[in-house]
Structure formats: structure tokens, C-alpha cells
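J.: kindly return the folded structure for what I paste below:
(chains A and B, ligands or ions: 1)
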Amino acid sequence: MHAIVAIKQVPDTSNVRIDPETGTLIREGVPAIINPYDIHAVEAAVQLKEQFGGRVTVITMGPPKAAEALIECIEQGADRAILLTDRKFGGADTLATSYVLAHAIEALNAEWPADIILFGKQAIDGDTAQVGPGVAVRLQIPLITYAIAIESFDPVARTAVVHRRIEQGVEVLQTRLPVLLTVEKEIAPVRRAPLPRMITAARYQPEVWTAETPVAFDPRQIGLKGSPTVVGKAYTPAPRAGGAIVTVADCGVEAAVARALEVMGILDTVRSSVAASAGVEVA
Amino acid sequence: MNNGDQPAIPRIWVLIEQQEQQVHPVSWELLGAARRLAADLPGSIVEAVLPGYQVESLAAQVFRYGAERVYLIDESVLAPYRNLPYAVAVSQLVITYQPEIFLIGATTRGRDLAGAIATRVGTGLTADCTELAIDPAGKILAATRPTFGGNLMATILCRRHRPQMATVRPRVLPMPAPLDTGPGDLVRVPFAMCEDDVPVKRLRLIRAEERPNIEYADVIVAGGRGVGGPEGFVLLEELALALGGMVGASRPVVDAGWIDPGHQIGQTGKTVRPKLYIAAGISGAVQHRVGMSGAGVILAINSDPHAPIFQIADLGIVGDLFDVIPEMIRQVKGYSDARQAQL
Ligand SMILES: Cc1cc2nc3c(=O)[nH]c(=O)nc-3n(C[C@H](O)[C@H](O)[C@H](O)COP(=O)(O)OP(=O)(O)OC[C@H]3O[C@@H](n4cnc5c(N)ncnc54)[C@H](O)[C@@H]3O)c2cc1C
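T.: Numbers count the residues shown, from 1 in each chain, chains lettered A, B, ... in the order given. A predicted model of the protein is given here:
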């Protein structure tokens, strides 16, 4: 069994701060983490390997620093890690990113065809959820997004049954292999890496792939050139203006609430809902 | 793919999402946006794509929300939603008609589909837009979306590739009123794919209990960590009931299991636009605010006078929610009992 997991290193957006003077984003010093959904994708792949044997390969496209995230995946039980890094890949939107990942996966498939390809459901810095579907289209394999469980997996019969969360509940889908899943955190709880794995990971060096070697990428489809979308402008959102404040400690809770109900027109809401339930038109 | 020559009429397309013969309201919201865009894009027309099985009867509604033409793709292979047949059917249509702009709802299905279509036709796609406009200079779509966890807004342009695709989450755009127009032009689009060519089969659907849809609630009483635990939500529930509304929540309380994930509001939860939003024990982090700042009026209750939620609240009560909420329930109930007695 060969599982390929595509991951991304992202800034920890919960730590992003806005410069109060200029109103712009402070990017310096923001810690980089592995995208939270992706580590669950790695775990799901490792569990399949434990059951069926085989290999887990992780790949990422990013700056050299993204090697840290790959090493974390090796710690988690992945066997091989590939870092797609090149200035020429920079500035890619989701279309160019899906090209690079799909092309790299095709090269890996030539060595050992993947039975399953996993992505996190989205990356928390962009939240687009587009790259996984794009890669499935390029590889011409089935796609199941928002996967929460792999009910069964049969690399011999080449089928799997996967649960997918949708608005109405959970869909149970049978798919042919290979399949590409984008996963929710429930797909597999992350376990703490055992000590020997940590030692392996500490010594591990991800393989570095550039735009030319060992695989040649089409220069027209990568980076800025391969990206149909551009950022026109970026700005800090103007906050909605705040209003009045009433303090319970000053006026007492009864008066504070009465004031709020009046100012906010809350009693009008109540009036129409009482009327509606009594079947009366409100004038 | 793009052949470079401009289509005669700029077509603005909206994908109509339907489930069991019910149109998802985000489709109407998008048609409203498409009409506003059309007003700024000379000579353009608003059209809709309706894929599904036995869905022809829905076309009448689609016309009423402003589509001049509906492309109906009605085939049994489209009965349960699967990515492949939908993506192929819609992409073929895009390639045939070359629309300028294509809007899709950022629902579970819409997100599944939009990325696949954009890749098939080789164009740009901007996800989860909060604002759509026509850039006056280039007459192209200016699609604005939050990024970096809502800390930054970015306006994305797709200059050379068509269609310019964008997704928008439900409730981010206002719901338009239906028009008084008659039916438009219905185009039946044949689509040949047989079930054997679809690699994914739906074995069954485990239905979640009918969850109240907070996205469309008029009144929301939302609680955060300040609510203290699942018991606190019982109190909020009582107020929500008295106001004819529903309960919402911040992410940490969902993560803590105090309330079901369907109630989460914000960047990784739902976007809501109630007439009244009451935030109790919620600090007002940017990731929460992006989900609720479209509310009509916001009332915040927080014991910390410096809580950021007060910066966006129309009225703030500085106080302990365990004093304020019970008093509010008392006054609201007192009022509604008095009203009922009058009626
Ligand atoms: C990528 C990402 C996505 C996220 N997505 C979301 C999202 O979708 N939705 C979301 O909500 N958050 C989201 N968050 C989390 C967000 O950053 C905040 O951590 C979260 O909104 C804070 O929740 P809170 O206001 O309930 O808790 P806190 O920030 O802890 O605030 C609790 C508030 O309660 C007040 N309080 C305490 N006791 C009382 C009392 N007795 N009476 C009155 N007030 C009291 C306190 O003064 C405080 O202001 C996301 C974060 C990240 C990084």
C-alpha cells in the first residue's frame, strides 16, 4: 500500500497581530505550524500502513523552512518526505499549486502507484479548500472531500468505503482506488510519536525537488506565471463602529436590561413573535 | 480553455444548488449579487445553471430571482451528488458558452465542485468572497475575501482567464426579493455519462437530526467561554426561546463540547445575519466577528469593559451575564405575557 499525503506549513493565524499604528498585519515572529487538518491526514495514512504494510510519502510545496513540517510528519510515522521548493514556484495560486503537486505525485506514482492520496480539508491561512479537488481532477481519480472516516479499505479489490460529512448528515460512499480524500480532524486522532520515531525524524533530511530536477515542471504552469488570479489590493478590514455602553455596576441590572431592550428594539421582536404565534397581524 | 476572443455577450452565471428538489437559499443570494454586477457590466446578462435529476420544476423560481436564462442539465446520473458527473457536466457547459463570471455557493457541495470545475477549465477561483464588485477600470470582477484568519482583506482579480470564478458563503450576501417576471429562456442541455463511469457510489446517508439552521435565524443568542459550561447554555436557550430565536456559540465552547458544532459562528463555523445578535461572554475575536458582523444590531454582554466585542456592538452591557441574562428573560417574559393577555 502506498499513501501520499500533501501537507502545508502555515502561519499560526491565531497569533497574527495587527500593528495598531499602521493597521497592517505583523508577519514577523508569527510561528509556523503544520496545517492542523494535515497532521490528521498523515495519521490516517500511517494507520493504513500499520494495517496493510507499505509506505507513506509526504510532500509539500513551500519555502525551505517548510522542511520542519515534513520532519514532524516523519515523526508521526511517514517514511519519505519531499520538499518542492524553488523561487519559481513562488506566488502560486491554487491552480498553479494543484499543478505542481499533481505533477510531483505523478512522478511518485511512476515509482510506486499510490492507492490513496490525502489532503487536509483546507489550510487555515487561505481556507480555500481548492487544492485537493484540483489535484484529483489533474490525476483523473475519484475525489471525496470532508472525509471523517475510512470504514473499509481493500488494496487488493481496489475499493474503499469512506464517510463524508455534509450539511444533512454523513454520506457513506464506496469508491474505486486510488482515491483522493480531503479530511476533517475526525479521520484519525493524532497519537504521540514514540521515541524511536523521534530519533529517526531528528536525523531525517527531506528530499528537495526544484522546478527542474529530479522532475521537470512546465514553467508556464508554475508560480506567478501559472496563476490566473492576482491580489489587487490587501487591507485591514474597517471595524463596524461600536455604540453605547451601559454598566451594571453603575445603574443596576434591571435598568441596564430595560435600557438594552428598548434601545435595541428587542421588545418589537417579541411583540411580533407573540402575535405570530397567536395568528394576529402586527400593525 | 481560453481562446482569447471575447464572447459577444458577457454572461454572468450562478450555479443553482438543489437538494431533494429544494433550492439552497445561497443560490438566490448569488442571483441577487449577479444582478448587481450586471448593472455595472454593460450589456451583460444573468443566467443560471441548474444540474440535478427531475429538477425542471425549480426553473420557475430561478427565473423569479432574476435569471434571464436557465441551463437545465437533468439526468439520473446527477441524482445523488457526486463530484465527477457534476464537474464534467458543468465544465462542458462552461466551455461551450464561455461565461465572463461564474458564482457558486461556498457550501460543502459548492466547495467540492468549484475547485474541480476551475481546474478542468483552467481558470482562477476565489473562495469565500465577502464582497463582489466590477472593477470600474478593467470591467473585471473584483472579489474580496478575508485571509490570514480574517485579519486581512484581499481583493482578487482574474485578468485573462475566463470565467472569473468565485464562491460566497451562505448569508454573507443579502437575500434579494423575488421579481415579478415571467419565465425566461429554458435551455435543456444533454449530458451523456452513464452510471458505470462514475467511480463513487453513495451507499447510504446517515441523516443528522433535523438541526435548526442558525444561518437563517432572525434572532441569535450566542454564548462563549464566559458562559462557563453546558449549564450556562440552558440559560441562553431560555432567552432564545423567549425571543423566538436560536442559540449560537464561539469555537472554544464547541471544542469543549458544551454545545453541538452546528451552533458555531465564525470563520470556521457559520456566517449569520440575524436582525438581532446577542453575544454573551464572547470576547469578540476577529475569527468570531467575521461570522456575525453582518447582523442588524449587536448587543454584547461582557464583564470585561475592554472586551473587543464592545468595539462592534451597537449596545454593550458591562456586567456578569449570570445577572443580566436572567433579568432579560424575566423582562421579556413579563412583556410577552402581558401582550398575550391583551390579544
Ligand atoms: C484559524 C482559526 C479559526 C477560528 N475560528 C473561529 C470561529 O469560527 N468561531 C469562533 O468563535 N472562534 C474561532 N476561533 C477562535 C478565536 O480566535 C477565539 O479564540 C474565540 O472566538 C474566543 O472565544 P470566546 O470569546 O468564547 O472566549 P474568550 O476569548 O475566552 O472570551 C470569553 C469572554 O467571556 C467574558 N466573560 C467571562 N465570564 C463572564 C461572565 N460571567 N459574564 C460576562 N462575561 C464573561 C470574558 O470577559 C471574555 O471576554 C478561531 C481561531 C483560529 C486560529
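
J.: every contact and neighbour count from this point should use C-alpha atoms.
T.: Noted.

J.: chain A versus B:V221, what's the distance?
T.: Distance of B:V221 to chain A, given as CA to the nearest CA, to the nearest Å: 12 Å.

J.: and what of B:A60?
T.: From B:A60 to chain A the distance is 25 Å (CA to the nearest CA).

J.: spit out the contact partners of that residue.
T.: B:P183 (CA atoms under 8 Å, 6 or more residues apart in numbering or on different chains).

J.: which other helices and strands contact the helix or strand containing A:L95?
T.: Assigned by DSSP states H and E, A:L95 belongs to helix A:94-111. Packing contacts for helix A:94-111, counted by 3 or more CA pairs under 8 Å, 6 or more residues apart in numbering or on different chains; DSSP states H and E, involve strand A:55-61, helix A:131-139.

J.: make TSV out of the ones you listed and add distance to A:H2, mean pLDDT and mean neighbour count.
T.: Shown next, in TSV, are the helices and strands packed on helix A:94-111 (distance: least, CA to CA, whole Å; pLDDT from 0 to 100; neighbours: other CA atoms under 10 Å in any protein chain shown):
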stretch	distance to A:H2	mean pLDDT	mean neighbour count
strand A:55-61	5	98	24
helix A:131-139	16	98	25
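
J.: just so I know, which of those lies nearest the ligand?
T.: helix A:131-139 (17.9 Å; CA to the nearest ligand atom).

J.: where do the helices sit along the stretch 1-150 of chain A?
T.: A:36-52, A:67-75, A:94-111, A:131-139 (DSSP state H, counting those that start in this stretch).

J.: report the angle between the first one and helix A:67-75.
T.: Using axes from the mean of the first three to the mean of the last three CA atoms, to 10 degrees, the inter-axis angle of helix A:36-52 relative to helix A:67-75 is 30 degrees.

J.: measure how far helix A:36-52 is from the centre of its chain, please.
T.: The chain centre lies 15 Å from the centre of helix A:36-52; the measure is CA atoms, centre = their mean, to the nearest Å.

J.: ok, B:G32 touching B:L179?
T.: No: if you go by CA atoms under 8 Å, B:G32 and B:L179 don't touch, sitting 10.5 Å apart.

J.: so what sits against both of those two?
T.: With CA under 8 Å, 6+ apart as the test, B:G32 and B:L179 both reach B:65-66.

J.: more crowded one of those two?
T.: Taking other CA atoms under 10 Å in any protein chain shown, B:G32 and B:L179 do not tie; B:G32 has more neighbours (23 against 11).

J.: so that one: helix, strand or coil?
T.: helix (DSSP: H, G, I helix; E, B strand; the rest coil).

J.: how about the contacts made by the nearest residue to it once chain neighbours are set aside?
T.: Residue nearest to B:G32 in three dimensions, not counting chain neighbours: B:P176, with 5.4 Å by CA to CA, 6 or more residues apart in numbering or on different chains. Counting by CA under 8 Å, 6+ apart, B:P176 touches B:28-29, B:32, B:65.

J.: can you tell me how far B:P176 is from chain A?
T.: On the measure of CA to the nearest CA, B:P176 and chain A end up 22 Å apart.

J.: can you report phi and psi for that residue?
T.: Dihedral angles of B:P176 (phi, psi; degrees, to the nearest 10) stand at phi -80, psi 160.

J.: now swap in B:I45 and tell me
T.: phi -130, psi 150.

J.: bridging residues for it?
T.: Here B:I45 sits in beta bridges with B:R11, going by DSSP bridges.

J.: dump the residue contacts of it.
T.: So B:I45 contacts B:9-12, B:38, B:68 (CA under 8 Å, 6+ apart).

J.: of all the helices of the stretch 1-150 of chain A, which one comes closest to A:E262?
T.: Closest of the helices of the stretch 1-150 of chain A to A:E262 is helix A:36-52, at 44.2 Å (criterion: CA to CA).
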